[in-house]
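Peer 1: Show me how the following folds:
(2 chains)
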Amino acid sequence: MLFPIYWMINVSLTKDTDMRADPPHLLPLDGTLEGYRAVIEQQMPYLGTSLIVGLGTVALTLALSAPAGFALAKLRPKGGGALSFVLLIAQMIPGIIMAMGFYAIYLRLGVLNTVPGLILADSTIAVPFGVLIFTAFMSGIPDELINAALIDGASRWRTFVSVILPVSRNAIVTVSLFAFLWAWSDFVFASTLDGGGDAQPITLGIYQYIGNNNQQWNAIMATAVVASIPATLLLIIAQRYVAAGVTAGAVKD
Amino acid sequence: MAHDVMTRASAAASAQAKAGAGARPPRRRRGAGHWTAWAFLAPVVVYLVAFYAYPLYRNLDLSLRHYTVRSFVQGDAPFSGLDNYRTVFADPTFGPALLHTLVFTFVSIAFQFAIGLALAVFFAQNFRLSATLRALFLVPWLLPLIVSASTWTWMLNSDSGIVNAALELIHVDPVNWLTSPDWALTSVIIANVWIGIPFNLVVLYSGLQAIPADVYEAAAIDGATGWQRFWRITFPLLRPVSAITLLLGLVYTLKVFDIIWIMTKGGPADASTTFATWSYRLSFGNLLPEFGPGAAVGNLLIIMALFFGLLYIRFQRRQA
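Peer 2: Next comes the predicted model:
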């Protein structure tokens, strides 16, 4: 299971001249950092774009899904169940089809190849997930907590901001984590909606690298290693949130 | 299970939301609160209409009109009814694409599930380092798909790939994994199975945790062997969790696009084309885009995904 990851790192450190060795060198002895130099020289703008898109997607996703989750979990309006159902269905629509619809709309609006356009599109992956996670989490917050705030004269909005949000930290971390990772690794929206401008994400950086330059696999793999850093870091920092995100509800007790 | 892989987790979460909804306490009185609630929901509702409903409507509209590049920009394409669908059904790619979609989906899921279950049972023994190793096994699932796909592309390279080098050691002739029509589909399935195992592992592992230990103790007293314990206890008790894992896997795997496109572009000679890559190629992969047929293929894919999606929701409801 872990071998391909090792191999990616190994190849990223292999010299061009050893790349076609038969059999391949199993250890990067006598290796090179050429690949990583190429990353620093050529890929930094792509990485920067991905970072902005990732953070923008997280912000938009949280802003939309946290209040909605609160309403569905605690205010329980009529029609809320139907909305949850729609959100569930929304997650099953293939990204490639969303991309086609977006392309037609973006062309008309003139937001093809822009960072905000990509943030909007990427957020469609995370928003339904976010609402459902927040709803699930906030259902577990005791009603007494909210009633106490209301009795003290706080408005619903004030209750949401000062009482609900602070105790929902785990849900906020889980949703942010996934929103960031999905935006960071998105390829479908990037290649259809942002293939032409000068602000392209790292997934396209790697893709074009493979297309133009299929000799320097050490540089391609070095870029891949660098592009994997956010996933690895997030996994180390937030292990239990990852598992929580996957299993939340997929498994009933 | 594509980047969309990434969306794998997303549907998983929905279940809990459902469970929460099922257990709702008696409804409180409505009034001002009702409107406040919808004020909180308004942004998401507007968002859903603008960024889900409208793109889907546009896609449906695309599939029912005859588009050229010019009319696509100007928006005055003539209505052509189901012509695009007829074109798609008559296309020589249709049969192979349907077959590849089904083979890719079912074979991927069978292996992901079997290997994921084996690993989950293995990790359930709680040995030293179990938790750390389990976390490491999540990495393939969190990596950007372009990273996994390009790593596999190089590993499966005919001349310099590690896989053929390993085959040489055991005296098997090298295989043209990505460049031969006989092997391209197998190659993308191998990569997709690798990516999908962690999801199955995590979900099935938490399913195992929920099986009470005393059932096993009772079985041990009755003298059941390890294999019997697995078939008679673990497997049946895990059945609801397995069903949910498999259904989610179906929904995700049907729409896998990135891995196939990055590794083979659906080729050589359509040998690894699925509905997802075919639809993309029609709309974006050629100099002269065929938006109408592309959208038609996409809509067929939606219907397939919704079929399994609704099955999943039904199952989830029944569980609750």
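Peer 1: just the strands in chain A please.
Peer 2: Defined through DSSP state E, the strands belonging to chain A form an empty list.
Peer 1: how much distance is there from the lengthiest helix in it to the middle of the chain?
Peer 2: Ranked by residue count and defined by DSSP state H, the top helix of chain A is helix A:44-70. Its chain's C-alpha centre lies 8 Å from the corresponding centre of helix A:44-70 when counted by Cα atoms, centre = their mean, to the nearest Å.
Peer 1: Packing partners of it?
Peer 2: Taking 3 or more Cβ pairs under 8 Å, 6 or more residues apart in numbering or on different chains; DSSP states H and E as the contact definition, the neighbouring helices and strands of helix A:44-70 are helix A:115-139, helix A:169-185, helix A:202-212, helix A:217-237, helix B:32-48. Heads up, the C-betas are built off the backbone N, CA and C, glycines and all.
Peer 1: which of those is buried the deepest?
Peer 2: Scoring the helices and strands packed on helix A:44-70 by mean neighbour count under mean count of other Cβ atoms under 10 Å in any protein chain shown gives helix A:115-139 as the most buried, with a mean of 26.
Peer 1: Could you tell me which residues within stretch A:54-66 count as buried?
Peer 2: Residues of stretch A:54-66 classed as buried under the neighbour-count rule (16 or more other Cβ atoms under 10 Å in any protein chain shown) are A:G54, A:L55, A:G56, A:T57, A:V58, A:L60, A:T61, A:L62, A:L64, A:S65, A:A66.
Peer 1: Closest one to chain B out of those residues, please.
Peer 2: Nearest to chain B, judged by Cβ to the nearest Cβ, of the buried residues of stretch A:54-66 is A:L64 at 5.3 Å.
Peer 1: Now for the closest one: which residues touch it?
Peer 2: Residues in contact with A:L64 (Cβ atoms under 8 Å, 6 or more residues apart in numbering or on different chains) are A:S123, A:V127, A:G130, A:V131, B:P43, B:V44, B:Y47.
Peer 1: same deal with A:S191?
Peer 2: The contact partners of A:S191, by Cβ under 8 Å, 6+ apart, come to A:T203, A:L204, A:Y207, B:F284.
Peer 1: Pull the most distant pair out of those.
Peer 2: A:T203 and B:F284 (15.2 Å; Cβ to Cβ).
Peer 1: thinking again about what came up before, got the angle for the longest helix of chain A vs helix A:115-139?
Peer 2: 40 degrees (axes from the mean of the first three to the mean of the last three Cα atoms, to 10 degrees).
Peer 1: Determine the number of other residues adjacent to the residue nearest to A:M92 when sequence neighbours are not counted.
Peer 2: If the residues on either side of it in the chain are set aside, A:M92 comes closest to B:G309, at 3.8 Å by Cβ to Cβ, 6 or more residues apart in numbering or on different chains. A count of neighbours around B:G309, defined by other Cβ atoms under 10 Å in any protein chain shown, yields 22.
Peer 1: residues in contact with B:G309?
Peer 2: In this structure, B:G309 makes contact with A:L88, A:I89, A:M92, B:A11, B:V251, judged by Cβ under 8 Å, 6+ apart.
Peer 1: and it, that's in a strand?
Peer 2: No: B:G309: not assigned to a strand; according to DSSP: H, G, I helix; E, B strand; the rest coil it is helix.
Peer 1: Checking B:G81 next. Helix, strand or coil?
Peer 2: State at B:G81, reduced to three classes by three-state DSSP: coil.
Peer 1: so who does the residue nearest to it when sequence neighbours are not counted touch?
Peer 2: The spatially closest residue to B:G81, leaving aside those adjacent along the chain, is B:L64, at 6.5 Å (Cβ to Cβ, 6+ apart). Taking Cβ under 8 Å, 6+ apart as the criterion, B:L64 is in contact with B:F79, B:S80, B:G81, B:L82, B:N84, B:G292.
Peer 1: List the buried residues for the helix or strand hosting B:N84?
Peer 2: Here B:N84, judged by DSSP states H and E, is contained in helix B:83-90. Of all the residues in helix B:83-90, those buried under the rule 16+ other Cβ under 10 Å are B:D83, B:N84, B:Y85, B:T87, B:V88.
Peer 1: ok, now how distant is the nearest residue to B:L82 once chain neighbours are set aside from B:N164?
Peer 2: Taking Cβ to Cβ, 6+ apart, and ignoring the residues beside it in sequence, B:L82 has B:L64 as its nearest neighbour in space, at 7.4 Å. When distances are taken as Cβ to Cβ, to the nearest Å, B:L64 and B:N164 turn out to be 48 Å apart.
Peer 1: Find me the pLDDT at residue 64, would you?
Peer 2: I'll assume chain A. At A:L64, the model reports a pLDDT of 95.
Peer 1: Sorry, I should have been clearer: chain B.
Peer 2: 90.
Peer 1: Looking at the contacts of B:G309, which one is closest to B:L133?
Peer 2: For B:L133, the closest of the contacts of B:G309 turns out to be B:A11, at 26.5 Å, with distances computed as Cβ to Cβ.
Peer 1: Quick one: which of the contacts of B:L64 has the lowest pLDDT value?
Peer 2: In this model, the minimum pLDDT among the contacts of B:L64 belongs to B:G81 (79).
Peer 1: For that one, grab the count of nearby residues.
Peer 2: 10.
Peer 1: Then B:I303?
Peer 2: For B:I303, the neighbour count with other Cβ under 10 Å is 8.
Peer 1: so it is in which element?
Peer 2: Counting by DSSP H and E, the element that carries B:I303 is helix B:291-319.
Peer 1: Check B:T273 too.
Peer 2: Mapping B:T273 onto the secondary structure by DSSP H and E places it in no helix or strand at all.
Peer 1: so A:R158 touches A:A149, yeah?
Peer 2: Yes: under the criterion of Cβ atoms under 8 Å, A:R158 makes contact with A:A149 at 7.4 Å.
Peer 1: hmm, back to that, okay, the angle between the helix holding B:I303 and helix B:83-90?
Peer 2: Using the same axes, to 10 degrees, helix B:291-319 lies at 80 degrees relative to helix B:83-90.
Peer 1: Quick one: low-confidence residue ranges for chain B.
Peer 2: Within chain B, the ranges that satisfy pLDDT under 70 run B:1-32, B:75, B:320.
Peer 1: Please repeat the previous calculation with a cut-off of 80.
Peer 2: Segments of chain B classed as low confidence (criterion: pLDDT under 80) are B:1-34, B:67-78, B:81, B:126-131, B:158-160, B:267, B:286-288, B:316-317, B:319-320.
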